[in-house]
Structure formats: structure tokens, C-alpha cells
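> Here is the input, now give the coordinates:
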Amino acid sequence: MAKRERRFRPDQRPKLRSNADAPKRGLTPAEEAAAAAYEATLQAPKPTVVVGTSAPIGSRAASTQRLAAEIAEELPVVQRDLRRILVTYGALLALLGAIWFVATSTGFITA
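Numbers count the residues shown, from 1 in each chain. Alright, predicted model coming up:
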């Protein structure tokens with residue numbers, strides 16, 4: 001008769017032996033020095049300037065000023081994205097026109 005396999009419930013598993021000779025985890029001194037040198041070359045992010053307003057906090061003027069500040073901050077990003085969209089659209093339209101021209105000039109498609 002075969003010997004039964006010993007099974008344990010999850011809460012009664014045998015304790016694992018500690019691995020005293022296992023390699024230590026972490027960075028070597030050379031890697032730490034390289035990381036410190038890299039971090040020194042990084043630029044600090046620009047601090048956000050909060051402009052104080054003379055309007056009371058809950059007033060319409062304060063919310064208008066806050067909205068104007070947010071728009072001024074986001075406008076360059078939106079303009080850049082719209083420019084990229086228009087360039088992509090123009091390139092696709094030009095490609096479609098070139099395909100149409102080649103197809104009609106070679107007689108592949110008769111217009």
C-alpha cells in the first residue's frame with residue numbers, strides 16, 4: 001500500500017526554514033551612487049504660483065479669477081493637441097488624395 005502524502009491545512013503549514021545564506025536584497029553602493037548622480041541631474045518641477053485675490057472666497061469674482069487662471073494654464077496644452085490633430089488629419093487627407101490620384105491615373109478606378 002502506498003504511503004499517504006502528508007497534507008496540511010493553510011493555518012497548520014509547517015514553518016519554513018530561514019535562509020541565512022540567501023543573498024541580501026537592495027542596491028549596491030555603486031548603484032546607489034549612480035542613482036544619486038541621476039537624481040541630481042533631474043530638474044525640480046516648477047512650483048505652482050498661487051495668486052491671491054482681493055475678492056471674497058465664495059464670491060463670483062473669485063471663481064472667475066480661478067477659472068481664468070486654470071484656462072491660462074491649460075490653453076497651451078490644448079493648442080498643442082489641436083495642432084497635432086490638424087496635422088494628423090491633413091496628413092491622412094493628403095494620403096487619401098494621393099491614393100485616389102494614383103488609382104484614377106493608372107485606370108484602376110474610372111471616375
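
> Can I get the strand or helix carrying Glu39 as CSV, trimmed to CA atoms?
Here Glu39 sits within helix 29-41, counting by DSSP states H and E. The C-alpha coordinates for helix 29-41 follow below in CSV (Å, rounded to 0.1, in the frame of the first residue of the first chain):
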residue,chain,number,x,y,z
PRO,A,29,26.9,51.2,-3.2
ALA,A,30,27.8,51.7,-6.8
GLU,A,31,24.1,51.5,-7.9
GLU,A,32,23.2,54.0,-5.1
ALA,A,33,25.9,56.4,-6.2
ALA,A,34,24.6,56.2,-9.8
ALA,A,35,21.0,56.8,-8.7
ALA,A,36,22.1,59.8,-6.7
ALA,A,37,24.0,61.2,-9.6
TYR,A,38,21.0,60.7,-11.9
GLU,A,39,18.6,62.4,-9.4
ALA,A,40,21.0,65.4,-9.2
THR,A,41,20.6,65.9,-12.9
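
> And the next helix or strand past that helix?
helix 60-105.

> other SSEs contacting that next one?
Packed against helix 60-105, as judged by 3 or more C-beta pairs under 8 Å, 6 or more residues apart in numbering; DSSP states H and E, are no other helices or strands. (Each C-beta comes from the backbone N, C-alpha and C, glycine too.)

> Below-threshold pLDDT in the chain: ranges please.
For the chain, the stretches flagged by pLDDT under 70 are 1-8, 10, 13-23, 48-58, 111.

> How many residues are close by Ser59?
Counted with other C-beta atoms under 10 Å, the neighbours of Ser59 add up to 11.
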